[in-house]
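J.: only the shape, not the letters, is given here:
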């Protein structure tokens with residue numbers, strides 16, 4: 001196996017671990033969770049499900065949607081007389097590989113959730129510090145895993161797929177997708193409990209901050225990472 005491939009694999013795995021740590025740390029601040037996991041967090045809290053398992057189910061839905069959209073997009077391109085940039089079997093393989101990735105990723109979320117203390121009863125300054133660290137970790141982890149261009153985390157994969165399908169920018173699609181997740185969480189919370197679950201200051205900060213962290217990390221570090229042509 002080439003040294004380049006090993007380097008990419010190591011950075012990819014490290015990025016996913018950092019991402020999982022960041023997402024869980026966000027929940028521990030008690031100020032609202034990241035939009036991408038707000039639905040699984042609210043359902044696990046309301047109905048007393050395991051958070052990691054609820055996230056695995058949510059990611060499964062994301063993967064199935066990717067498979068459907070990729071299949072439709074491939075047929076649409078071929079009907080127009082063009083040849084897709086990547087063959088459909090290759091694209092679907094990358095989609096399917098997200099299932100084992102999701103299983104491993106959510107197991108680490110459960111592990112971090114069990115050992116990281118809850119800061120929701122601490123003073124505001126401590127909670128804001130935890131939130132700040134969580135956003136940093138989430139952004140760095142997402143950037144590291146995405147930059148390696150391997151199997152995407154389903155939360156990132158679904159955004160990229162929707163972006164490609166509708167021909168919109170990834171940033172715009174990400175904002176819309178986050179808004180949809182927040183809306184679903186908002187509706188579930190009010191209907192089932194009468195109050196908000198998982199939505200708060202931390203949710204707003206994650207929407208704004210994670211993208212900025214990704215951009216800053218790539219600006220400073222991307223040239224030093226083991227990218228395909230390193």
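T.: Happy to help now that I have it. Remember, it's a predicted structure, so these values are computed and weren't measured experimentally.
J.: dihedrals phi and psi, the residue of the chain most remote from its centre?
T.: What lies farthest from the middle of the chain is residue 81; by Cα atoms, centre = their mean that is 34.3 Å. Main-chain dihedrals, residue 81, degrees, to the nearest 10: phi 90, psi 10.
J.: do the one 4 residues further on as well
T.: In this entry, residue 85 is assigned phi and psi values of phi -60, psi -30 (degrees, to the nearest 10).
J.: give me the number of residues near it?
T.: Counted with other Cβ atoms under 10 Å, the neighbours of residue 85 add up to 8. Where C-beta positions appear, they are placed from N, C-alpha and C, glycine not excepted.
J.: equivalent analysis for residue 129, please.
T.: Using other Cβ under 10 Å, residue 129 has 14 neighbouring residues.
J.: so how far is residue 76 from residue 122?
T.: Separation of residue 122 from residue 76 (Cβ to Cβ, to the nearest Å) stands at 52 Å.
J.: the more surrounded of those two?
T.: residue 122 (15 against 12).
J.: can you pull the contacts of that one?
T.: By Cβ atoms under 8 Å, 6 or more residues apart in numbering, the residues touching residue 122 are residue 30.
J.: if we use 10 Å, what do you get?
T.: Neighbouring residues of residue 122 by Cβ atoms under 10 Å, 6 or more residues apart in numbering: 28-30, 129-130.
J.: work out which residue lies at the spatial centre of this protein.
T.: residue 155 (3.6 Å).
J.: now do the longest helix along the chain, average pLDDT.
T.: Using DSSP state H, we find that the single longest helix of the chain is helix 51-79. Averaged over helix 51-79, pLDDT sits at 95.
J.: count the residues that sit near residue 95.
T.: 25.
J.: do I have it right that it meets residue 60?
T.: No: using Cβ atoms under 10 Å, residue 95 is not in contact with residue 60, being 11.3 Å away.
J.: common neighbours of the two, please.
T.: residue 154.
J.: list buried residues within the contacts of residue 122.
T.: Buried residues within the contacts of residue 122, counting neighbours by 16 or more other Cβ atoms under 10 Å: 28-30, 130.
J.: what are the contacting residues of stretch 128-137?
T.: For stretch 128-137, contacts defined as Cβ under 10 Å, 6+ apart pick out 17-34, 116-120, 122-123, 200-202, 205-206, 208-210, 212-213, 216-217.
J.: distance of residue 33 from residue 64?
T.: Note on residue 33: its distance to residue 64, by Cβ to Cβ, is 23 Å.
J.: these two: which has the busier surroundings?
T.: residue 33 (29 against 14).
J.: just the element for the more buried one, please.
T.: Following DSSP states H and E, one finds residue 33 outside all helices and strands.
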